[in-house]
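Asker: starting from these lines, generate the structure:
(one chain, ligands or ions: 1)
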Amino acid sequence: MALRKILLNGDPALRKPARPVVKFNRRLHMLLDDLAQTMYDATGCGLAAPQVGILQRAVVIDLDEEGSELIELVNPEIIASEGEDEAIEGCLSIPDIRGHVTRPQKVKVRAQDRFGEFFELETEGLLARCVCHEIDHLQGCLYIDIMSRQATEEEIEAANDEKKQT
Ligand code: NI
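Answerer: I've put the predicted structure just below:
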């Protein structure tokens, strides 16, 4: 496993659509392992392959809460969503700021695991938010494109969201 460099806003790779993963091989496994290590190192709760310059539809998420575990999503698609929820969001590619973003409260996602097996995942709250945020990365979309406004220092402190960058 190796740490990869997280690209920052302004890098063209963050704005390009990622391609579907077609080979579920050692190279993909290395990418997923590196994404997880890089995410943990940056104390983030999610990371998408385009954020390290790899334009493939692969993301990792770990809320690092009690009972949470590492989630790997390959070729994820949102197949259902429900409700609406506004919260403060951050992104490892856009350090130093946070923004208010409205996302679905619940999201059902269909994806493949690292071996190509399809599965479905029902998510809500922060996990649903992370899933949407990471899938947006695969489309070249950043949360600043859809935020209602930037969060103030006071709001960021109140949210205590050290771990909520994705
Ligand atoms: Ni992000």
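Asker: neighbours around the residue nearest to Leu70 when sequence neighbours are not counted, how many?
Answerer: Leaving aside its chain neighbours, Leu70 sits nearest to Asp62 (4.7 Å; criterion: CB to CB, 6 or more residues apart in numbering). Every residue, glycine included, has its C-beta placed from N, CA and C. The local packing of Asp62 (other CB atoms under 10 Å) involves 20 other residues.
Asker: show me what contacts the residue of the chain found nearest the ion?
Answerer: At 3.2 Å from the ion, Cys91 is the closest residue in the chain, using CB to the ion. Residues in contact with Cys91 (CB atoms under 8 Å, 6 or more residues apart in numbering) are Asn9, His133, Leu142, Tyr143, Ile144, Gln165, Thr166.
Asker: which of these fall within helices?
Answerer: If you go by DSSP state H, those have His133 in helices.
Asker: quick one on the thing from earlier: hmm, the residue nearest to Leu70 is touching Leu73, no?
Answerer: No. Assessed by CB atoms under 8 Å, Asp62 is found out of contact with Leu73, at 11.7 Å.
Asker: mind giving me the packing neighbours of the helix or strand where Thr102 lies?
Answerer: Assigned by DSSP states H and E, Thr102 belongs to strand 94-103. Judged by 3 or more CB pairs under 8 Å, 6 or more residues apart in numbering; DSSP states H and E, strand 94-103 is in contact with strand 85-91, helix 125-138, strand 149-150, helix 153-159.
Asker: dump the ones you listed into a markdown table; add mean pLDDT as well.
Answerer: Putting these into a markdown table (pLDDT from 0 to 100) gives the following:
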| stretch | mean pLDDT |
| --- | --- |
| strand 85-91 | 95 |
| helix 125-138 | 97 |
| strand 149-150 | 95 |
| helix 153-159 | 87 |
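Asker: ranking those by burial, who's on top?
Answerer: helix 125-138 (a mean of 23; mean count of other CB atoms under 10 Å).
Asker: where in the protein is pLDDT low?
Answerer: 160-164 (pLDDT under 70).
Asker: please name the residues that touch the residue sitting nearest the centre point of it.
Answerer: Centroid-nearest residue in the chain, with CA atoms, centre = their mean: Glu134, separated by 2.8 Å. Counting by CB under 8 Å, 6+ apart, Glu134 touches Gly46, Leu47, Ala48, Val59, Ile61, Leu73, Pro76, Thr166.
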